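Asker: coords please:
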Amino acid sequence: MQILIFSDICNTGYGKNAGAYLIATHLRNNNFSCQIVDYFTHYTLDELKKIVDKFVSKDTLWVGFSTTFLSYFDTDLNSKDLLDAIDGNISFKDFIAKRWMPTAQYVFSHSTEDMKEFFKYIKSKNEKIKIVIGGAKAWQAMQSDGFARRIVADYYIKGNADLSAVVLTKWLYDSTNPEPVFNGPSKNIIESFGNYEYNEFNTSRIKFLPNDFVRKDEYLPIEIARGCIFKCKFCNFPLIGKKRGDYTKSKETLQSEFIYNYENFGTTKYMFMDETTNDSMEKAEFLHDVIANLPFKIEWGGFARLELYHSNPEMKHILKETGVVNQFFGIETFNKKSGESIGKGMHSDKIKQTLYDLKTAWGKSVHLTSGFIVGLPHETKTTIKELENYMSSDECMLDAAGIHPLYLARGMGSIFGDNPEKYGYTFPIPSASLSWANENMTFSEAQEIAYGIMLKIMKTNSLQNWSIMRLHNIGISKEELDSITMYKFAKGMDSYNVLVKQQKEQYLIKLLSL
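Answerer: Prediction:
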């Protein structure tokens, strides 16, 4: 095998990482053999060595690690700590201390010794093999694992690697091919943005192969579009503020991908990889045109903007006909001034009414989730009470919510991060990157408020939409998923982890039998 890429499955259940499989597609299209290996954080060192023994040879050019889904923690919630906090057996501060992920957390969950040994073992198979780290946390891996733990890769690819991964591979295969553009004196960082802009996204697609082990009833990732036409000031995602219609797949490309997956794997369920699936009526009508003309029906979940359902009431009926079953909104706040400060500003009465209209039209057939942020400009400990009261009331039309403190570090790439003082943020403890403060609260206070609200609603709050799709992928029935609360999930976490472990073991058997 010329390229071996390790990826992971995210925290809850199982979900394929679109990025890793897309890179595999690009490499395969350029006549390189490539194997993706899921469940990275779930393997022991001995199991990882067996995988290397199976796939790494004198022909192997590089072994990669897609960091996007890697988690330093086995699960997103420690069930015992969570249950103890909900039931009042431990103090809230003790829960926060155990729950909070350190700001300098490492990317690789295996011990330093195991990772160093694993890298050494890879290179023992072929002295020319390179280790490549990419994905959303590539820079973090270089900063934390590389500098602090000395778990050092040969190359780090930042940004979308559609082109850069292929250029690197061709150069490693034959040094007469163009050398990649490296950043920095060490010549080991490839900045995809700016150097390797991918202009064929609209006609590209992920092509899964039999050795990717797609199951018939699995929610598969599919890229609908990249980037977002909006530019929220706390957001540091790439391609925000794009023009409407840019980086959107063509109708023919999407239909061919849907049909290929159906004909080869029986796939009818999807996670739509798109920052805003409903960014305009034109987009909604486009999706309807794509999907309505398929010879089969699909179900899908993805991100959406609530304001656009408010301004386009007919949109909810159009998208319902496309098979939408999960929607994740970024409402962020009920405080109008706070919303306006980040690029949103719908009054809370309109937010609640729109949620009511959606739930009335869709009923239980579409699961509604939203994210909220504590610590935005103008938000106070008093104004946040409106959110807390709504989430705890029968008036609430959301099935689930994620409520978190504002994650803000200087220079993080967002509008806030580039100039925090302009928006009222200071850093009283310069060495602690998330120790912000504004006139209304500190990061610690925002953290306590956010997790405090979450604890109060755990017994009524459903699972978030991405968790539902990933739990479906490990065999949890729709009936159970419809009834499970975060509290029930925490109580049953051990049994869910057993299902993940069993699925991983079956996957490993098939992988080593190729």
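Asker: could you say what helices and strands whichever strand or helix holds Tyr21 packs with?
Answerer: Here Tyr21, judged by DSSP states H and E, is contained in helix 18-29. Under the contact criterion of 3 or more Cβ pairs under 8 Å, 6 or more residues apart in numbering; DSSP states H and E, the helices and strands touching helix 18-29 comprise strand 3-6, strand 34-37, strand 62-66, helix 164-173, strand 219-223. For every residue, glycine as well, the C-beta is placed using N, CA and C.
Asker: Go through the ones you listed and pick out the most buried.
Answerer: Across the helices and strands packed on helix 18-29, averaging neighbours per residue (mean count of other Cβ atoms under 10 Å) puts strand 62-66 on top, at a mean of 27.
Asker: tell me the average confidence for that one?
Answerer: Across strand 62-66, pLDDT averages out at 98.
Asker: which residues touch it?
Answerer: For strand 62-66, the surrounding residues in contact (Cβ atoms under 8 Å, 6 or more residues apart in numbering) are 3-8, 17, 19-20, 23, 40, 52, 56, 108, 122, 129-135, 141, 153-155, 168-169, 172.
Asker: One more pass at 6 Å, please.
Answerer: Residues outside strand 62-66 that contact it (Cβ atoms under 6 Å, 6 or more residues apart in numbering) are 3-7, 17, 19-20, 122, 130-133, 135.
Asker: quick one: the strands in this protein?
Answerer: 3-6, 34-37, 62-66, 130-134, 155-158, 189-191, 219-223, 269-273, 299-304, 324-332, 367-374, 400-405 (DSSP state E).
Asker: Other residues contacting stretch 470-481?
Answerer: Residues outside stretch 470-481 that contact it (Cβ under 6 Å, 6+ apart) are Thr12, Gly13, Tyr14, Gly15, Glu218, Tyr219, Ile468, Leu499, Val500, Gln503.
Asker: and what of stretch 271-278?
Answerer: Stretch 271-278 has contacts (Cβ under 6 Å, 6+ apart) with 18, 219, 221, 223-225, 228, 284, 300, 302-305, 308, 469.
Asker: how about 7 Å then?
Answerer: 15, 18, 219, 221-225, 227-230, 237, 284, 300-305, 308-309, 315, 319, 469 (Cβ atoms under 7 Å, 6 or more residues apart in numbering).
Asker: So for that stretch, what gets flagged as buried?
Answerer: By neighbour count on 16 or more other Cβ atoms under 10 Å, the buried set for stretch 271-278 is Met271, Phe272, Met273, Asp274, Glu275, Thr276, Thr277, Asn278.
Asker: and what of stretch 15-32?
Answerer: Residues 15-27, 32 are the ones in stretch 15-32 that count as buried (16+ other Cβ under 10 Å).
Asker: ok, residues contacting that stretch?
Answerer: 2-3, 5, 7-9, 34, 36, 38, 66, 68-69, 135, 161-162, 165-166, 169, 206-208, 212, 219-221, 223, 271, 273, 469-470, 473.
Asker: let's see 6 Å
Answerer: 2-3, 5, 7, 9, 34, 36, 66, 68-69, 161-162, 165-166, 169, 206-207, 221, 273, 470.
Asker: For that stretch, list the C-alpha coordinates in CSV.
Answerer: C-alpha atoms of stretch 15-32 as CSV (Å, rounded to 0.1, in the frame of the first residue of the first chain):
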residue,chain,number,x,y,z
GLY,A,15,-19.1,8.4,11.8
LYS,A,16,-16.7,8.4,8.9
ASN,A,17,-14.5,11.5,8.5
ALA,A,18,-15.3,13.0,5.1
GLY,A,19,-11.9,14.7,4.8
ALA,A,20,-9.9,11.5,5.1
TYR,A,21,-12.0,9.6,2.5
LEU,A,22,-11.9,12.6,0.2
ILE,A,23,-8.1,12.7,0.3
ALA,A,24,-8.1,8.9,-0.4
THR,A,25,-10.3,9.5,-3.4
HIS,A,26,-8.0,12.2,-4.8
LEU,A,27,-5.0,9.9,-4.3
ARG,A,28,-6.7,6.9,-5.9
ASN,A,29,-7.8,9.0,-8.8
ASN,A,30,-4.1,9.8,-9.3
ASN,A,31,-3.3,6.0,-9.4
PHE,A,32,-1.9,5.8,-5.8
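Asker: burial of Ile476, as a residue count?
Answerer: By other Cβ atoms under 10 Å, 20 other residues sit near Ile476.
Asker: what about it, distance to Met271?
Answerer: Computed as Cβ to Cβ, to the nearest Å, the Ile476 to Met271 distance reads 16 Å.
Asker: Return the per-residue confidence for Asp74.
Answerer: 43.
Asker: I figured Phe201 hits Tyr247, correct?
Answerer: Yes. The criterion here is Cβ atoms under 6 Å, and Phe201 meets it with Tyr247 at 5.3 Å.
Asker: centre of the chain versus stretch 263-281, how much separation?
Answerer: Distance, stretch centre to chain centre, for stretch 263-281: 15 Å (Cα atoms, centre = their mean, to the nearest Å).
Asker: per-residue pLDDT, Asn78?
Answerer: 54.
Asker: Leaving out sequence neighbours, find the closest residue to Leu254.
Answerer: Val290 (4.9 Å; Cβ to Cβ, 6 or more residues apart in numbering).
Asker: can you count the residues close to the one you found?
Answerer: 19.
Asker: How about the one 3 residues further on?
Answerer: Asn293 is surrounded by 10 other residues when neighbours are defined as other Cβ under 10 Å.
Asker: Check it and give its pLDDT.
Answerer: pLDDT recorded at Asn293 is 91.
Asker: From Tyr247, how far out is the residue lying closest to it once chain neighbours are set aside?
Answerer: Leaving aside its sequence neighbours, Asn293 sits nearest to Gln255 (Cβ to Cβ, 6+ apart; 7.0 Å). Gln255 sits 18 Å away from Tyr247, going by Cβ to Cβ.
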